[in-house]
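Colleague: Sequence plus the predicted model coming up.
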Amino acid sequence: MDNRIRLPEGFCISQGGRNYTISRYISAGGNSIVYQAWYQDSLMPEKMHQVLLKELYPLDHAGRIMRREDLYLEIGEGAQKLYADHKKSYLLGNQVHLTLSQEGLGGIAENLDSFEANGTIYTVLTARKGKVLAEMLEQKRLFPNLEKAAQCIRCLLNTLEMFHEHRLLHLDVSPDNIFMLEPAEKGAFPTELLLLDFNSVYSMDDRNTYICDYYPGKPGYMAPEAELSRIDELGPWTDLYSAAAVLYCLLNDGNAPEDLEITDTSELVSPYSRLLLHEKEVAAEQVNRILRKGLRTLPENRYQSTGEMLQDLQELLDILSGAIRIPVSRIEENSHSPSLAHAGPGHAGTRRRRWPARAGAAACAVLLAAAAFLGGRMSLVSENDKQVSTENTKLDLYQFPLETDDSVVLTQQDVRYPLVDNIMDVQVQTSTAVRIMLKDYTHSRDTSEVIDTYSLFTFYTGEGDKRGWQNADLTYDFFYTDDNTLHMELPFQDPNHFDLDYVGVIFQNFNYNESELILDITRCTLIDGEGNSYEMTELLGSHLLFFDEERWQQNMITTQNREHVKTFDDIRGGRMIVDAAVCYLDPVLEVTWTSDNPDIATVDERGRVHGLRQGTATLTAVIRDKETGEERSTQMIVNVISKL
């Protein structure tokens, strides 16, 4: 328990003709307390300068370091050595601060001045808008996606690199000592940071400066060699252990990696966790690869330099952005958990593995084609010359290689659910359409455009369509909104006791004409009757919607609600909140569809698929941003089957 008495709001500390007035308490560590303060401008006294004021005030559980009534710091009997050691560390931290500030590379607050007052030492630092990472996590302000978390760790590593280049170690990297800077763009999530608290800094050139007895570190973030005070084993890898622990914390919504047993097959963060669920499979493996190496018990098995860890982190960011495409087959077999390694293609909860084309698969395809030509009764000869009939053989569609992008989600319009493994069955001489949704896509919009005659509403439906299409008569016309944006809240008030099937969003074109739009759903939150919030992430993204006289309504639904609530009783009294924006497709995106076998199935520029005769065709969709030139592409298999 912290028994220190903080300086009150309004308390004034004078130094060199300048009065620093305490505004509020910021944070405290084992060595010092940090406040926000202000002082008047000398030329324009009506203007105030905001600064951080750091006070040397060691934590002594015995209560021997205390404040007098006049708030002067008094060192009691038996605490002189404790205070002297902390003072030495404090001054070393200031020296390091000034040295690194001269680099001008950011990552740390600027040290403006230091002085003695009130029986102790104060340091004046630049103040920036933002919040300590630990406080953000406690308030459940969590990172929205994996890319933001990786960008944050990249900033942390760049700052640590400055320390290591000067043969210095921070040794207290944790969410308590990371200050997230408020981004310049309003509403953006912070990724830039400042590293705080240099009082545990250790010089690899002066091993007498580390007073480990007074810096126990943060549980879960301290490397084993630091925790065991093995000074000879300290190095850059010690800080990198802490950096990997912070990454683990961000991916696990604030939980520290305590008591982990790391092996080559460890899956430290589940691919089905909040931030990895909708990312590429290879991205989830890269995350776990970084964590496995960063959190090793033995220093020699960890990252040896910030550059080495930055290289792997940059590869992760390139995977997420699509700058590089690494096939899942690159992943070492021994890094898969057994449940994934031995599950078949149809195993529930697994992701399909995309295999490169091989000569054997091509030969198999030729053989199957010959079998079809001969009426489906061709026989194969096994090694023991026994004939094996292929009559009624079911074609294994998983043998066909596909180039896919997990940020491009395909949905069969009539079915309304995303395609499983990008495979779609179509009956001969029938047609359907494929809808595209882009994940993590940002674009400009012409807000002067009037999006007229379109309406959107949210709904929920019970199993068997009981009390279906419950929208509480709440529809929303984009025509009446500023910037063609939408915020909608649907109350759950149905008194029945049915099982809840799915929730969703419906977008309608009451002109019944051909049109193309982008509907960006940026929020879809289900709040149950007890006030618990759940994000329906499957609906978040940029939906590319094509309308015509026949298809004047587009349904976007999800059963993700089943993971959290089961019945109408569970949600009664709650609500669903949707934020969305809309614009026309033409000035933003260009969509191209092609078929590699148009004799089997054709596809037009609007994603309408027509099955001509039995067989399979691979369709490729290319989506190009007209402003940036960025392209995303994905493939799918159309399996044209008999109507019988």
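Modeller: Sure thing, it's come through. Numbers count the residues shown, from 1 in each chain.
Colleague: who touches stretch 93-100?
Modeller: With contact meaning CB atoms under 8 Å, 6 or more residues apart in numbering, stretch 93-100 is reached by 31, 107-109, 111, 114, 123, 162-163, 166, 168, 197-199, 201. From N, CA and C alone the C-beta is placed, and that goes for glycine too.
Colleague: ok, now with 6 Å
Modeller: For stretch 93-100, contacts defined as CB atoms under 6 Å, 6 or more residues apart in numbering pick out 108, 111, 114, 123, 162, 168, 198-199, 201.
Colleague: Do you have the helices of this protein handy? List them.
Modeller: 80-101, 133-138, 146-165, 224-227, 236-251, 281-294, 306-321, 338-341, 359-373, 568-571 (DSSP state H).
Colleague: The contacts of stretch 93-100 in strands, which ones?
Modeller: The members of the contacts of stretch 93-100 that map onto strands under DSSP state E are 111, 114, 123, 168.
Colleague: tally of neighbours for the residue lying closest to the first one once chain neighbours are set aside?
Modeller: Meaning residue 111. Excluding its sequence neighbours, the residue lying closest to residue 111 (CB to CB, 6 or more residues apart in numbering) is residue 97, at 4.4 Å. Residue 97: 20 surrounding residues under other CB atoms under 10 Å.
Colleague: pLDDT wise, what is residue 97 at?
Modeller: For residue 97, the model assigns a pLDDT of 76.
Colleague: any idea how far residue 41 is from it?
Modeller: 24 Å (CB to CB, to the nearest Å).
Colleague: Equivalent analysis for residue 245, please.
Modeller: From residue 245 across to residue 41, the span is 42 Å (CB to CB).
Colleague: quick one, which of the two is more surrounded?
Modeller: residue 245 (24 against 10).
Colleague: What sits closest to that one if chain neighbours are left out?
Modeller: That would be residue 221: by CB to CB, 6+ apart, it lies 4.5 Å from residue 245.
Colleague: For residue 101, list the residues it contacts.
Modeller: 110-111.
Colleague: what do you get if the cut-off is 7 Å, keeping everything else the same?
Modeller: Neighbouring residues of residue 101 by CB atoms under 7 Å, 6 or more residues apart in numbering: 108, 110-111.
Colleague: Just put the contacts of stretch 93-100 in TSV and tack on pLDDT and neighbour count.
Modeller: Converted to TSV, the contacts of stretch 93-100 look like this (pLDDT from 0 to 100; neighbours: other CB atoms under 10 Å):
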residue	pLDDT	neighbour count
108	78	22
111	83	22
114	92	19
123	93	24
162	88	20
168	87	23
198	73	26
199	71	27
201	79	23
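Colleague: Out of the residues you listed, flag the one nearest to residue 524.
Modeller: Ranked by distance to residue 524 (CB to CB), those are led by residue 108 at 39.3 Å.
Colleague: Tell me if I'm right that the residue nearest to residue 245 and residue 176 touch.
Modeller: No. In this structure, residue 221 is not within contact of residue 176 by CB atoms under 7 Å, at 8.8 Å.
Colleague: Of these two, give the one with the bigger neighbour count.
Modeller: residue 221 (25 against 18).
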